[in-house]
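> Let me see the structure of the following:
(one chain, ligands or ions: 2)
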Amino acid sequence: MTLGETLERNGISRRGFLKFCVTTASLMALPPTAATAIAEALASARRPSVIWLSFQECTGCTESLTRSFAPTLENLILETISLDYHHTLQAAAGEAAELAREQAMHANQGEYLVVIDGSLPGPGSNPGYSTIAGISNLQMLEETVAGAAAVVAVGTCAAFGGLPVADPNPTGAVPVSKVVRDKPVINVSGCPPLPMVITGVLAHYLTFGKLPELDEYGRPLAFFGQSIHDRCYRRPFYDKGRFAETFDDEGAKKGWCLYRLGCKGPMAYNACATMKWNGGTSWPIESGHPCLGCSEPDFWDAGGFYKALSVPTGNIGGTAAVAGLAGVAAGAVGGYLSGRAKKDARTAHRKVTADELEQKL
Ligand code: SF4
Ligand code: SF4
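Ligands and ions are numbered 1, 2, ... in the order given. Below you'll find the model as predicted:
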């Protein structure tokens with residue numbers, strides 16, 4: 001059964017499907033013509049087999065993907081895959097569950113996707129620190145990935161090691177990319193990651209048969225190409241040097257910048273500022289809390305959550321350090337970066353509407 005047939009059977013209207021294609025193309029900064037390609041490819045695609053492995057993790061990544069309100073884009077894309085193995089979501093347990101994994105691998109040799117959340121005890125570590133069905137995480141990963149087409153490391157633990165890797169890393173944990181060397185690996189970081197980023201990557205793979213363009217950390221550029229700071233609505237206050245000093249002072253009440261309360265937005269690359277959380281309801285900074293930088297390597301060891309950045313970390317535009325050290329913001333530079341970012345976003349996100357798409361197809 002094709003995806004188009006599956007969606008129809010599940011009562012998804014054609015217009016709802018086309019809207020999904022338009023939104024996906026826009027969110028992934030693809031050219032307007034890509035919406036047509038996505039619609040055509042997804043409608044005729046067979047449901048790909050996905051094997052989801054959970055290692056040293058907290059289940060937050062799965063919660064992120066499934067805690068959404070129907071009907072949503074996330075649910076729509078979940079209809080498109082055949083989730084053949086997932087500890088938390090599957091009904092089968094024990095030997096029956098492991099049999100399902102083996103059958104999916106066998107039946108879809110070379111074509112299935114492996115999604116992983118959690119880090120795993122590395123090759124030099126005690127394999128007994130984390131086991132499933134009597135075998136170590138390392139063995140299960142190597143065995144499952146051997147016949148896969150590609151690997152998606154979901155969440156900061158799988159992408160960069162996350163909490164298990166935090167000093168002193170008692171289990172000798174490593175991220176997926178340290179073990180998987182001979183298959184394409186895409187990192188969808190975040191603690192947890194945004195659900196639409198996970199589904200966007202799957203939609204891209206279904207449409208184009210390959211992973212999207214990645215940044216230096218193996219993350220999809222469309223979602224991680226700009227920092228939280230670049231897209232933050234409090235940015236004008238940063239540029240004017242207006243900062244909240246405590247969580248309940250006048251500045252906090254007026255919505256001023258949270259930089260001095262420890263905001264890691266200038267060094268965090270993620271799409272929270274534009275996509276928000278809980279179906280677009282809000283996001284941490286809008287709720288008055290600094291960004292913790294959860295999508296970055298060394299998330300847990302990068303200094304205190306509420307300690308202001310004083311030295312740029314990673315690819316920062318330079319304004320954060322100036323603001324932190326001198327107590328004022330470098331408005332001119334900030335304004336230039338902001339303007340350039342906006343121009344890039346406008347160029348990359350030129351939209352096509354569902355109506356236009358309907359006429360084309
Ligand atoms: S420092 Fe944080 S709150 Fe301030 S503008 Fe940047 S991202 Fe927004
Ligand atoms: S705002 Fe920052 S800490 Fe919060 S989810 Fe987004 S990237 Fe992570």
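
> ok, residue 119 touching residue 53?
No - look at residue 119 against residue 53 with CB atoms under 8 Å: they stay out of range, at 11.6 Å. Every C-beta, even on glycine, is put in place using the N, C-alpha and C of the backbone.

> In terms of neighbours, single out the busier of the two.
residue 119 (32 against 24; other CB atoms under 10 Å).

> What residues are bridge-paired with the spatially closest residue to the more buried one that is not a sequence neighbour?
Closest residue to residue 119 apart from its sequence neighbours, by CB to CB, 6 or more residues apart in numbering: residue 173 at 4.1 Å. On the basis of DSSP bridges, residue 173 takes part in beta bridges with residue 121.

> what's residue 149 in contact with, if anything?
110, 111, 112, 113, 183 (CB atoms under 8 Å, 6 or more residues apart in numbering).

> What values do phi and psi take at the third one?
To tie it back to what came earlier, the one meant is residue 112. Dihedral pair for residue 112: phi -80, psi 160, per degrees, to the nearest 10.

> and it, how many neighbours?
Residue 112: 22 neighbours (other CB under 10 Å).

> what sits against the closest residue to residue 98 other than its chain neighbours?
Closest residue to residue 98 apart from its sequence neighbours, by CB to CB, 6+ apart: residue 133 at 4.9 Å. Listed by CB under 8 Å, 6+ apart, the contact partners of residue 133 are 94, 95, 97, 98, 140.

> shouldn't residue 294 be in contact with residue 160?
No - counting by CB under 8 Å, residue 294 does not reach residue 160; the two are 10.3 Å apart.

> The residue nearest to residue 119 and residue 198, how far apart?
Distance of residue 173 to residue 198, given as CB to CB, to the nearest Å: 22 Å.

> for residue 138, same thing?
24 Å.

> which of those two has more neighbours?
residue 198 (25 against 19).

> quick one, what contacts the more buried one?
Contacts of residue 198 by CB under 8 Å, 6+ apart are 64, 65, 74, 115, 152, 154, 188.

> Of all those residues, the one with the weakest confidence?
Ranked by pLDDT, the contacts of residue 198 bottom out at residue 74, which scores 57.

> How many neighbouring residues does the residue of the stretch 151-300 of the chain found nearest ligand 1 have?
Closest contact between the stretch 151-300 of the chain and ligand 1, by CB to the nearest ligand atom, is at residue 265 (2.3 Å). Neighbour count for residue 265, taken as other CB under 10 Å: 29.

> before we move on, what about residue 209?
11.

> What does it show for phi and psi?
phi 70, psi 20.

> Which pLDDT value goes with residue 177?
97.

> hang on, the earlier thing: which residues are in contact with the residue of the stretch 151-300 of the chain closest to ligand 1?
227, 228, 229, 232, 258, 259, 285, 290, 291, 293.

> any idea how far ligand 2 is from the first one?
As judged by CB to the nearest ligand atom, to the nearest Å, residue 227 and ligand 2 stand 9 Å apart.

> Distance of residue 251 relative to residue 291?
17 Å.

> These two: who's more crowded?
residue 291 (26 against 19).

> you'd agree residue 37 is up against residue 207?
Yes - counting by CB under 8 Å, residue 37 does reach residue 207; the two are 6.0 Å apart.

> just the contacts of residue 133 that are near ligand 2?
Filtering the contacts of residue 133 for proximity to ligand 2 by CB under 6 Å from any ligand atom leaves nothing.

> Let's have the residues you listed in CSV, adding neighbour count.
Shown next, in CSV, are the contacts of residue 133 (neighbours: other CB atoms under 10 Å):
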residue, neighbour count
94, 8
95, 9
97, 16
98, 17
140, 21
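
> sec struct for residue 58, please.
Using DSSP: H, G, I helix; E, B strand; the rest coil, the structure places residue 58 in coil.

> What ranges does this protein have for its strands?
49-54, 82-86, 113-117, 120-121, 131-132, 135-136, 150-154, 173-174, 185-188 (DSSP state E).
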